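Participant: A structural model of the following input is requested.
(2 chains)
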Amino acid sequence: GENVEQHPSTLSVQEGDSAVIKCTYSDSASNYFPWYKQELGKGPQLIIDIRSNVGEKKDQRIAVTLNKTAKHFSLHITETQPEDSAVYFCAARSNTNAGKSTFGDGTTLTVKP
Amino acid sequence: DTEVTQTPKHLVMGMTNKKSLKCEQHMGHRAMYWYKQKAKKPPELMFVYSYEKLSINESVPSRFSPECPNSSLLNLHLHALQPEDSALYLCASSQAGALGGDTQYFGPGTRLTVL
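Facilitator: Next comes the predicted model:
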């Protein structure tokens, strides 16, 4: 089955700096890669996603890049703000896996004011 | 409106109790999911309903019983739970029958404590 590894597990940055979180996946049939932000006491919220026919996608301060050959994808947050502090999960889904999402173990991002 | 609602927000129950968790979405989504999430861990898939039929059961113990009364509602019936079942229970939905490329939208979760 699919295996998703996420790094780093914790990340601390100063306000205004950039943050990068990386994930690798094992199943070459995976074709959809969402990123979720989970704040304390809340459910995961989709912040950006990318499909396998696209190499990069950007939404204001957030961007995701995908390298299908190397089977890795990354989340980039620029000009970080304290409200970006949360746990971030990457995930991979495949049409051949009955719609199951395989999640990474999560990254706890702390943005220091 | 990309909202999935869940009730109750918090639930405390004894090991002999019977309770139910409820989930609702009005986005016209045809796939609905139950996940279990322990602290500092990613969500773990429990069940998937696709077009109101159970399509995936991830070997979940029978003390958890899902039900999908219609395309907008999803229930999780709980009976004879164990303290280790204490967790955040998340509901999610996606548009078209649990396909791989579908965006999943999560609810806020029900925080369950089993005494």
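
Participant: For B:N70, see how far away the most centrally placed residue in chain B is.
Facilitator: Centroid-nearest residue in chain B, with CA atoms, centre = their mean: B:W34, separated by 2.8 Å. For B:W34, the distance to B:N70 equals 16 Å [CB to CB, to the nearest Å]. The way it works is simple: take the backbone N, C-alpha and C, and place the C-beta from them, glycine included.

Participant: got the contact list for B:V4?
Facilitator: A:43, B:23-25, B:91-93, B:105-107 (CB atoms under 8 Å, 6 or more residues apart in numbering or on different chains).

Participant: Kindly recompute the last result at 7 Å.
Facilitator: B:23, B:25, B:91-93, B:105-107 (CB atoms under 7 Å, 6 or more residues apart in numbering or on different chains).

Participant: got the contact list for the helix or strand containing A:I48?
Facilitator: A:I48 is part of strand A:45-51 when elements are defined by DSSP states H and E. For strand A:45-51, contacts defined as CB under 7 Å, 6+ apart pick out A:31-37, A:57, A:59, A:62, A:64, A:66, A:73, B:101, B:103, B:105-106.

Participant: Just the buried ones from these?
Facilitator: Those of these that meet the buried threshold are A:31-37, A:62, A:64, A:66, A:73, B:101, B:105-106, by 16 or more other CB atoms under 10 Å in any protein chain shown.

Participant: Quick check: beta-bridge partners of the spatially closest residue to B:E44 that is not a sequence neighbour?
Facilitator: Excluding its sequence neighbours, the residue lying closest to B:E44 (CB to CB, 6 or more residues apart in numbering or on different chains) is B:K36, at 5.0 Å. On the basis of DSSP bridges, B:K36 is bridged to B:E44, B:Y89.

Participant: I figured B:K36 hits B:A87, correct?
Facilitator: Yes. Using CB atoms under 7 Å, B:K36 is in contact with B:A87, at 5.0 Å.

Participant: in its sheet, what does the worst-scoring helix or strand of chain B on mean pLDDT sit against?
Facilitator: Ranked by mean pLDDT, DSSP states H and E, the weakest helix or strand in chain B is strand B:53-57, scoring a mean of 88. Partners of strand B:53-57 in the sheet, by DSSP bridges, are strand B:44-50 (antiparallel).

Participant: follow-up on the earlier one: contacting residues for the residue nearest to B:E44?
Facilitator: Here B:K36 is in contact with B:44, B:46, B:87, B:89 (CB under 7 Å, 6+ apart).

Participant: my guess is B:K9 meets B:G107, correct?
Facilitator: No. Judged on CB under 7 Å, B:K9 makes no contact with B:G107 at a distance of 10.2 Å.

Participant: Excluding covalently adjacent residues, which one is nearest to B:L115?
Facilitator: Closest to B:L115 by CB to CB, 6+ apart is B:G14, at 5.4 Å.

Participant: no, scratch that, I was asking about A:N31
Facilitator: Going by CB to CB, 6+ apart, A:N31 has A:S52 as its nearest residue, at 4.1 Å.

Participant: Go ahead and confirm that neighbour touches A:K71.
Facilitator: No. Contact criterion CB under 7 Å: A:S52 and A:K71 do not qualify, at 10.6 Å.

Participant: Close to chain B: what parts of chain A are there?
Facilitator: A:31-32, A:34, A:42-46, A:49, A:51, A:89, A:93-95, A:97-101, A:103-106 (CB under 7 Å from any CB of the partner chain).

Participant: Measure how far the least confident helix or strand in chain A by mean pLDDT is from the centre of its chain, please.
Facilitator: Here the helix or strand of chain A ranked lowest by mean pLDDT, DSSP H and E is strand A:101-103, holding a mean of 90. A distance of 11 Å separates the centroid of the chain from that of strand A:101-103, by CA atoms, centre = their mean, to the nearest Å.
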